[in-house]
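Undergrad: Turn this into a model:
(one chain, ligands or ions: 1)
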Amino acid sequence: MSTSCGYVCKYTPVAILAGFGVQPIRLSPRPDDAEQGSALAHPNLCSYCKALICSMQHHDVDELLLTSCCDSMRRTADIVESYGDLSYLRVLDLPHCGSTCAIERYAAQIEQVFEDYAEKTGHPFDLDAAVASIGTKAEQPRTSYLAVAGARMEEDLYRHICEKSPIPVRDLTCTGSGGVGPVPPEAHDSVDAFLSWYAGALLGQTSCMRMSVPDDRRELVLDPHLAGVIYHSLKFCDFYSYDFTQLTSQLTVPVTRLETDWSEQASGQLSTRIDALLENLDVAPVGKDSPMFGFASSPIPGERPGTHTHPFFAGIDSGSTSTDVVIIDETARVVAHVVRPTGAHALESARSALDDALAQATITGDDLVSTIATGYGRAGIGVGDAEVTEITCHARGAHEMAPGCRTVIDIGGQDSKVIHLGLDGSVQGFAMNDKCAAGTGRFLEAMARTLELSVDELAQMGTTWKEDIALSTMCTVFAESEVVSLIAQNKRTADIVHGIDKSVAAKTAALVSRVGGEPDYLMTGGVAQNAGVVAALSSKLESPVQVPDDPQVCGALGAALIARDRMSTR
Ligand code: ADP
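TA: Purely as a prediction, here's the structure:
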């Protein structure tokens, strides 16, 4: 059985391993390892490294070859070494650039690995096997593509992006995927020639954020085929925040950032971010039949072209808290709107909300030319002809409700989103809350419970405060204790509510600034009915935040309008 050596970084000289008959294995630890790895490492170590440490206990590899790409990786090596059950562990000192001097330094490091293995295995180096193991560098795409950049990404998530993307996806993360070949003929001549070529070829790959101001980042920014970027970062990894900020300030294509903790949690939110970016790419789908990009295949279920004297269009927003339906006619006039609790059965709620809306409009399902589903539950309800994310739908709905609006602030039951709009209503950028409840309707509901108020009472009280109380935390759990202690101090309920509202406003304003939001601000979603939050947010943003009539149905209205828009452009 051949020895196997685990590695992580794309700059690892894996061909040396192959030349000595050692099998290189790129490590992609399982998400549940991150959870268990927490017990083995400091909480602030990144989740990938925690997962890596834990995965070492499965003994999937005999050896480990790491690079000093970050502090977490060095600490990982220390912890793994302390187990003492690997037969080889080396951390290569990775240079910060691809200069001639850096290549020489890295060549010396690679030679060290070469000598280690020559001594350890006692085998001669098989140059042909090393050369054969080197894949050919992927060609620069000549058509539109989506780049996945930033930190290494969990494989299932990457696969999800590839499946959903209407255009090819290029992996530019720090682990990357491509080869560095072809190996030039002169590097075949001798081991020395091969080693000195190999260091340069490895350092010549599309740089990770570990490299300093690389030219190829400029190439990426200027690449006319680059249609969008999904930027992945890992929790507790600061490097990527700087890199992301720098990259986004240069890019003109849509970008979205996904931060994960190497777990499978919050996949709904991740998928909304990915889908919203894909919906807003300015490209034609390549060889894919994606329902997100409209009605790729005819006939549409339920559609009977030509039989409608008065066509109607429906939008269904299946949210975590409410299910909202809007029906419009061909002139975009709203003929029915319904809001009802989602409850425990999203599908049944969606069907009955649609039935109620049809009854309100005095039409039947046969009169609907097209129905689009949106919201958190859009994929699960199986109602409608296509799905569109709530980002795109809220943007469309908000542009219709208030054409001058440049920033949509949507706070619903479990998430809050801020969408920056262009003058034409197009999505320029968006940001969503993390998977915690801070700054969402759930947070307000929890605070209302603690204060023994209804959500309505909480909403009204926020405008009658006298003392300007501030909560020191945004975390739902800690805020609850803080509210309890304010009650014990006999603070007025209205003043405590104001502190709560300011905390939601602060969290939301941070999202506004993340997307470069600007007036006019329009607030949608159920929390827009909370006058205290609206006032606190207006004050924080130093600009009035407008609230449309029926803010809760903005997403459903947008979905209905998109259904109508798509039909008229077919
Ligand atoms: P989702 O889209 O996630 O289903 P909604 O947009 O329906 O969420 O918003 C639900 C939230 O709106 C609730 O958590 C509640 O805090 C808030 N909300 C609903 N109705 C009111 C109201 N009348 N006054 C103040 N807040 C409200």
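
Undergrad: How many residues are close by residue 44?
TA: Neighbour count of residue 44, defined by other CB atoms under 10 Å: 9. (Glycine included, C-beta is placed from N, CA and C.)

Undergrad: Count the residues that sit near the closest residue to residue 98 other than its chain neighbours.
TA: Closest residue in space to residue 98, ignoring its immediate chain neighbours: residue 203 at 4.0 Å, by CB to CB, 6 or more residues apart in numbering. Neighbour count of residue 203, defined by other CB under 10 Å: 22.

Undergrad: what residue ranges in this protein are flagged as low confidence?
TA: Along the chain, segments meeting pLDDT under 70 span 1, 177-178, 212-216, 238, 263-268, 284-308, 435, 569-570.

Undergrad: where does it come near the ligand, residue by residue?
TA: Selection of the chain residues close to the ligand by CB under 6 Å from any ligand atom yields 319-322, 412-414, 441-442, 444-445, 455-456, 459, 525-527, 529-530, 552.

Undergrad: Residue 351 is in contact with residue 383, correct?
TA: Yes: the pair residue 383 and residue 351 qualifies as a contact (CB atoms under 8 Å) at a distance of 6.3 Å.

Undergrad: of these two, who's got more company?
TA: residue 383 (21 against 16).

Undergrad: Check which helices and strands the helix or strand containing residue 313 sits against.
TA: According to DSSP states H and E, residue 313 maps onto strand 312-318. Packing partners of strand 312-318 (3 or more CB pairs under 8 Å, 6 or more residues apart in numbering; DSSP states H and E): strand 322-329, helix 346-360, strand 368-374, helix 390-401, helix 554-568.

Undergrad: same for the shortest one, what does it pack against?
TA: Judged by 3+ CB pairs under 8 Å, 6+ apart, strand 368-374 is in contact with strand 312-318, helix 346-360, strand 386-387, helix 390-401, helix 554-568.

Undergrad: try it again with 7 Å
TA: strand 312-318, strand 386-387, helix 554-568 (3 or more CB pairs under 7 Å, 6 or more residues apart in numbering; DSSP states H and E).

Undergrad: wait, what's in contact with residue 274?
TA: 161, 164, 230 (CB atoms under 7 Å, 6 or more residues apart in numbering).

Undergrad: rewinding a little: could I get the helices and strands packed on strand 312-318 as a markdown table with distance to residue 451?
TA: Formatted as a markdown table, those follow (distance: least, CB to CB, whole Å):
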| stretch | distance to residue 451 |
| --- | --- |
| strand 322-329 | 22 |
| helix 346-360 | 28 |
| strand 368-374 | 33 |
| helix 390-401 | 29 |
| helix 554-568 | 28 |
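
Undergrad: top of the contacts of residue 274 by neighbour count?
TA: Ranking the contacts of residue 274 using other CB under 10 Å puts residue 230 first, with 26 neighbours.

Undergrad: State the helix or strand in which that residue lies.
TA: Per DSSP H and E: strand 226-234 holds residue 230.

Undergrad: swap in residue 487?
TA: Residue-wise, residue 487 maps onto helix 476-488 under DSSP H and E.
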